[in-house]
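Colleague: Provided below are the primary sequence and the corresponding predicted coordinates.
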Amino acid sequence: MKIPQILSRLRRSEEGFAMPTAAMMLFAMTGIVTVGVVSSIRTQSGVTRDQQTKSALPQAEAGVEQALLHFNRIPPGSNACSPVTSTGPNAQGWCSAVAGGFDGGSFAYQVRPAAGALEIVSVGSYDGVVRRVRANASSSSGQSMFFSATVKSQDSITLDSDAEIRANSATNGDIALNSNARQCGQSSVGIGRSMTLASNSRYFLGGDCTSQSTEPGQAEISLPTVNQGDVATVNDNGRFFALDPVSGNPSRACWNGVKGNGGSGSCGPRHLDIDSNTSVTLGGGKYSFCKLTMSSNTSLYVQAGRTVSIYFDSPEACGYPSGTTQMDIASNTRITATDGGPANVALLFVGSSSSETKINLSSNTTIGAACQQNFVVYAPRTDITLNANSTYCGAVAGKTLHMDSNARIYADDGARNFQLPNTAAHYELTGFVECTSATGSQPTTGC
């Protein structure tokens, strides 16, 4: 009932109690309207505050993104802070604050650079609301990735059917051992994750399969993506097959669409395919591959005394669909040095954040079996599978690692000291948190 109608009824009423009753009704309805208006104002104010809070966070995030952009584009030189400011770091290692903003908001960030790492604190402001975040970023260039563990995985490690690791291992996810599998060497899982032991599988602290245990450590690991620099265009690919010769039947080796005998082959761009009792010897230093396939008693040799890095480009750059196996080695194949001695080989996979890539080692494959060389597979965005009596000696890192059917991984001291090649630094986020307070006595206080 509307307020004017109530007043009209009051004037017409002849009952003694009509006036006070109607007045009470009017008062009650006015109160309801008032409460509704106040509630609406408070709700709108809360929504506005929430929108301001949400708008302040993108400002803080923009500061982090700008810092990463500058450090990825500009080499720091003698002044560690030069990508963002002309002044050097203060006594605590922090660069001077840099300000910016967009869409009516503002941000200010500070960076603390270190060898292969950045710490960034950024404060975002919007319409009086302030939010502060801290981010950590790392670069793969020049880092020793395997000193504490020579088997690493971003997401998970799974061993089935008599598979065995004789090395320290670490993952950010879970470790699952099944069907007589053995992990011999200290292991760590991600924070809050676990190791499961099923069907007579066992975990030993010692690399010689002694000191049985059930509880791994817990820790976070960082596996930065591969930065290949300019190797996609500046490399030793032109050595095939004149300087990097074929042994056996030249028609059974193919590189970049050309066979070892000069005829047309079915292999694609930057694809090395070796088949049936044939071998290829590498004498260069850096190669850029899209794919490597080997089968049926084949070998990939490295000239004695040479150090070789083979970069596998991203699936997008190679024109591959998601799910492509970029290295498939099977059926009595091996990668080793020509003289049987130590081979210094690194297989580095760029991978992709959106497309799945795979590595498959199977069927009596042998990689670095002498276990005296710096042999590394580093593929933090790629799923790795070893099965069917395959043996690997060295260091390995992947997105996931699955071992099956008597597959073996052994470690050696040389691989533990391997450093990712020095290329121009490319930093990627490895951690991001919002601080509990908008300000602090130090940039990271409350973070």
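Modeller: Cool, the structure landed.
Colleague: Can you find the helix or strand of the protein with the lowest average pLDDT?
Modeller: Between all helices and strands in the chain, the lowest mean by mean pLDDT, DSSP states H and E belongs to helix 3-12, at a mean of 42.
Colleague: The longest strand belonging to the chain: how far from the chain's middle?
Modeller: Secondary structure of the chain per DSSP state E: the longest strand is strand 375-386. With CA atoms, centre = their mean, to the nearest Å as the basis, strand 375-386 stands 12 Å off its chain's centre.
Colleague: helix or strand right after it?
Modeller: For strand 375-386, the following helix or strand on the C-terminal side (DSSP states H and E) is strand 391-393.
Colleague: Which strands and helices lie in contact with the longest strand of the chain?
Modeller: Judged by 3 or more CB pairs under 8 Å, 6 or more residues apart in numbering; DSSP states H and E, the packing partners of strand 375-386 are strand 151-159, strand 344-349, strand 357-361, strand 391-393, strand 395-403. Quick note: C-beta positions are derived from backbone N, CA and C, even for glycine.
Colleague: Okay, now the sheet partners of the shortest one, with direction.
Modeller: In this case it means strand 391-393. Taking DSSP bridges as the criterion, strand 391-393 forms sheet pairs with strand 366-367 (parallel), strand 408-410 (parallel).
Colleague: which one of the ones you listed lies closest to residue 227?
Modeller: Ranking those by proximity to residue 227 (CB to CB) places strand 366-367 first, at 23.9 Å.
Colleague: Can you tell me the element residue 72 falls in?
Modeller: Using DSSP H and E, residue 72 falls within helix 18-73.
Colleague: now residue 88
Modeller: If you go by DSSP H and E, residue 88 is not part of any helix or strand.
Colleague: Could you list the domains of the chain?
Modeller: Here the domain assignment for the chain is 3-41, 52-139+427-434, 151-416, based on automatic domain parsing.
Colleague: Mind checking the pLDDT average for the longest strand of the chain?
Modeller: Mean pLDDT, computed over strand 375-386, is 95.
Colleague: Need the contact partners of stretch 235-246.
Modeller: Identification of contacts with stretch 235-246 by CB atoms under 8 Å, 6 or more residues apart in numbering yields 250, 253, 255-256, 258, 260, 270, 272, 278-288, 311.
Colleague: Ignore what I typed, I meant stretch 376-383.
Modeller: Under CB under 8 Å, 6+ apart, the answer for stretch 376-383 is 145-146, 154, 223-226, 312, 326, 345-353, 356-359, 384, 392, 394-400, 402, 415, 418, 420.
Colleague: Can you select the buried ones among these for me in PyMOL?
Modeller: Burial among the contacts of stretch 376-383 is assessed by 16 or more other CB atoms under 10 Å; the matching PyMOL selection reads:
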select buried, resi 145+146+154+223+224+225+226+312+326+345+346+347+348+349+350+351+352+356+357+358+359+384+392+394+395+396+397+398+399+400+402+415+418+420
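Colleague: among the domains of the chain, which is the most enclosed?
Modeller: Of all those, domain 151-416 has the most neighbours on average by mean count of other CB atoms under 10 Å, namely a mean of 19.
Colleague: if we can go back for a sec, and the next helix or strand after the helix holding residue 72, what does it pack against?
Modeller: As assigned by DSSP H and E, the chain's next helix or strand after helix 18-73 is strand 98-100. Helices and strands touching strand 98-100, by 3+ CB pairs under 8 Å, 6+ apart, are helix 18-73, strand 106-114.
Colleague: and the ones you listed, which one's lowest on average pLDDT?
Modeller: The bottom spot among those, by mean pLDDT, belongs to helix 18-73, with a mean of 60.
Colleague: Is it correct that residue 317 is in contact with residue 232?
Modeller: Yes: judged on CB atoms under 8 Å, residue 317 makes contact with residue 232 at a distance of 6.9 Å.
Colleague: who wins for proximity to residue 112 among the strands paired with strand 391-393?
Modeller: strand 408-410 (37.0 Å).
Colleague: could you point out which element follows that closest one?
Modeller: Assigned by DSSP H and E, the successor of strand 408-410 is helix 413-416.
Colleague: Output that next one as CSV, restricted to C-alpha atoms.
Modeller: What follows is helix 413-416, C-alpha atoms only, in CSV (Å, rounded to 0.1, in the frame of the first residue of the first chain):
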residue,chain,number,x,y,z
ASP,A,413,79.1,-37.8,-10.3
GLY,A,414,79.7,-36.1,-13.7
ALA,A,415,76.0,-35.6,-14.4
ARG,A,416,75.5,-34.2,-10.9
